[in-house]
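*Asks:* from the sequence below, what's the structure:
(4 chains)
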Number of protein chains: 2
Amino acid sequence: MGNFLGSHAINMDAKGRLAIPAKVREGLAQTCGGRIVLTANADEERCLLVYPEPEWEVLRPKIEALPNMYKSARRLQRLLLGNAAPMEMDSAGRILVPPTLRSYAHLEKKLMLIGQGKKLELWSEERWLAWLDESSCDEDMPPEMEALSL
Amino acid sequence: MGNFLGSHAINMDAKGRLAIPAKVREGLAQTCGGRIVLTANADEERCLLVYPEPEWEVLRPKIEALPNMYKSARRLQRLLLGNAAPMEMDSAGRILVPPTLRSYAHLEKKLMLIGQGKKLELWSEERWLAWLDESSCDEDMPPEMEALSL
DNA sequence: GTGTGCACAAGTGGGAAAAAGTGGTTTCTA
DNA sequence: TAGAAACCACTTTTTCCCACTTGTGCACAC
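*Replies:* Purely as a prediction, here's the structure:
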C-alpha cells in the first residue's frame, strides 16, 4: 500500500494541468497503475485529496452507506462523492484538475502537494503557507495522541 | 448499479433545456438506457434529484408505503411523489426541466449537477456555492461516521 | 575537492483534431 | 395556437500529441 511522504511545490499551467512530481509518480504507478481519484476535503481546510484508486474504493462504499437523515453525513457525501473525479495521467505524467475542484480549493498557479501516507493533499501554496502560520497545537487531542512520544 | 460521482457546471438555455454532461450521459445510458426520473429533494436544501428509472422504481414503493399518519411521511410523499417527472433525453442529450421543478429549486441559467452514487442532485449554482460556504462540519455524527478515517 | 560540461530526465507550452455543447427552425401535438 | 419535441448546423471546449525548455546528476578534468 502506497506510502506518500514529503511536500512538493508544483505549478498548474493555464489549462489547469499539473505535472505530478516524478518521485510521487513512481509511487502512484506502483499502488494503482496511475489511476487516481481526486476529490474535495471535507474538513474546514479547502484543499483537495488525491487517492490511489484502490484506496478510494475502500472508502467510497463506507461514505455511500452513511445514513443520510443526518445532516453531517449528507455534507460528507455531497463533498466527497459529489466532487470525486477519477483521473489518469497524460503521456507527460500530468492530470487535468476539473474547474469545480480548482475553484473549491482556490487553486491558482502555485500549488503544494503534501504526502499523507495513504493519500496526498493538494493545496494552493498561499493557503498552505497561511495554514502553517495560523494553525496552533493547543487544541483537544484524542487519547492516542496524548500518548505519543515524537 | 450506476455510480455517479463528481460535480459539473452546466447551463440551462432559454427554453429550459439542459445538456447532461457527456460523462454522466454514458453512466445513464448504461444504467437505464437514458430513462430517468426527476423529482424534488425533501430535505432543507431545495435541489432536484435525478434517478435512473430502475433506481427510482426501488424507491417509489417504499415511499408510497410510508404510514401517512406522520406529518413527516406525508411531506416526503407530497414532495417526492408529487414532483416526480419521467424524462428522456433528446438527440443532443438534453432534458427539458418542467417549470414547476425549475421554480421549486430556483433554477436559473447556471446550474450544478452533483453525483451522489446511485443518484444525482441538481442545484442552482448560486445555492450550491452558498451551501458550500455555510455548511459546517461540527454537527452530530452517526457512529459509523465518527469511526471513518479519510 | 571543486568546478565545468554534457546528457538524460523532468517539466512546460502550444496546436490540431475530435467531441461536446448551444442556438435556432421546423414540425407535430395537445 | 402555444408549447414541446425533433432535427440540424454552428461554435466552443476538450483531449491528445509533439516539440521545446529547464533542471539535475554524473563524470571527468583541473
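
*Asks:* residues contacting A:Asn68?
*Replies:* A:74, A:77 (C-beta atoms under 8 Å, 6 or more residues apart in numbering or on different chains). Where you see a C-beta, it was placed from the backbone N, CA and C, and this is true even at glycine.

*Asks:* wait, isn't A:Asn41 in contact with A:Leu49?
*Replies:* Yes. Between A:Asn41 and A:Leu49 there is a contact under C-beta atoms under 8 Å: 5.3 Å.

*Asks:* find the residue at the geometric middle of chain A.
*Replies:* A:Leu49 (1.4 Å; C-alpha atoms, centre = their mean).

*Asks:* show the pLDDT at it.
*Replies:* pLDDT, the model's per-residue confidence, is 98 for A:Leu49.

*Asks:* list the contacts of A:Gly16.
*Replies:* A:96-99, A:102.

*Asks:* leaving out sequence neighbours, find the closest residue to it.
*Replies:* A:Val97 (5.1 Å; C-beta to C-beta, 6 or more residues apart in numbering or on different chains).

*Asks:* tell me how many other residues crowd the one you found.
*Replies:* 21 (other C-beta atoms under 10 Å in any protein chain shown).

*Asks:* so what sits against both of A:Asn41 and A:Leu49?
*Replies:* By C-beta under 8 Å, 6+ apart, the residues touching both A:Asn41 and A:Leu49 are A:Glu121.

*Asks:* for the host helix or strand of A:Pro61, name the packing helices and strands.
*Replies:* Taking DSSP states H and E as the definition, A:Pro61 sits inside helix A:53-64. Contacting helix A:53-64 under the criterion 3 or more C-beta pairs under 8 Å, 6 or more residues apart in numbering or on different chains; DSSP states H and E are the following elements: helix A:22-32, strand A:36-40.

*Asks:* most packed of these?
*Replies:* strand A:36-40 (a mean of 24; mean count of other C-beta atoms under 10 Å in any protein chain shown).

*Asks:* what are the contacting residues of that one?
*Replies:* Strand A:36-40 is contacted by residues A:28, A:46, A:48-53, A:56, A:79-88, A:95, A:97-98, A:101, A:104-105, A:122 when judged by C-beta under 8 Å, 6+ apart.

*Asks:* narrow those to those in helices?
*Replies:* Assigned to helices by DSSP state H, the following of these qualify: A:28, A:53, A:56, A:82-83, A:101, A:104.

*Asks:* tabulate those residues (a markdown table), appending pLDDT and distance to B:His8.
*Replies:* Formatted as a markdown table, these follow (pLDDT from 0 to 100; distance: C-beta to C-beta, whole Å):
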| residue | pLDDT | distance to B:His8 |
| --- | --- | --- |
| A:Leu28 | 94 | 25 |
| A:Glu53 | 96 | 21 |
| A:Trp56 | 96 | 19 |
| A:Gly82 | 97 | 10 |
| A:Asn83 | 98 | 11 |
| A:Leu101 | 97 | 11 |
| A:Tyr104 | 96 | 13 |
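
*Asks:* of the residues you listed, list those near DNA strand C.
*Replies:* Among the ones in helices among the contacts of strand A:36-40, not one lies near DNA strand C by C-beta under 7 Å from any atom of the strand.

*Asks:* report the two of the residues you listed separated the most.
*Replies:* A:Leu28 and A:Gly82 (23.7 Å; C-beta to C-beta).

*Asks:* which among the contacts of strand A:36-40 end up buried?
*Replies:* Neighbour-count burial (16 or more other C-beta atoms under 10 Å in any protein chain shown) applied to those gives A:28, A:46, A:48-53, A:56, A:79-85, A:87, A:95, A:97-98, A:101, A:104-105, A:122.

*Asks:* any chance of the ones in helices among the contacts of strand A:36-40 in CSV, plus distance to A:Pro67?
*Replies:* Formatted as CSV, those follow (distance: C-beta to C-beta, whole Å):
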residue, distance to A:Pro67
A:Leu28, 33
A:Glu53, 26
A:Trp56, 21
A:Gly82, 17
A:Asn83, 21
A:Leu101, 27
A:Tyr104, 25
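
*Asks:* between the residues you listed, which sits nearest DNA strand C?
*Replies:* Checking the ones in helices among the contacts of strand A:36-40 against DNA strand C by C-beta to the nearest atom of the strand gives A:Leu28 as the nearest, at 11.8 Å.

*Asks:* can I assume the closest one is in contact with A:Pro21?
*Replies:* No. A:Leu28 lies out of contact with A:Pro21 (C-beta under 8 Å); the separation is 10.3 Å.

*Asks:* this completes my enquiry, with thanks.
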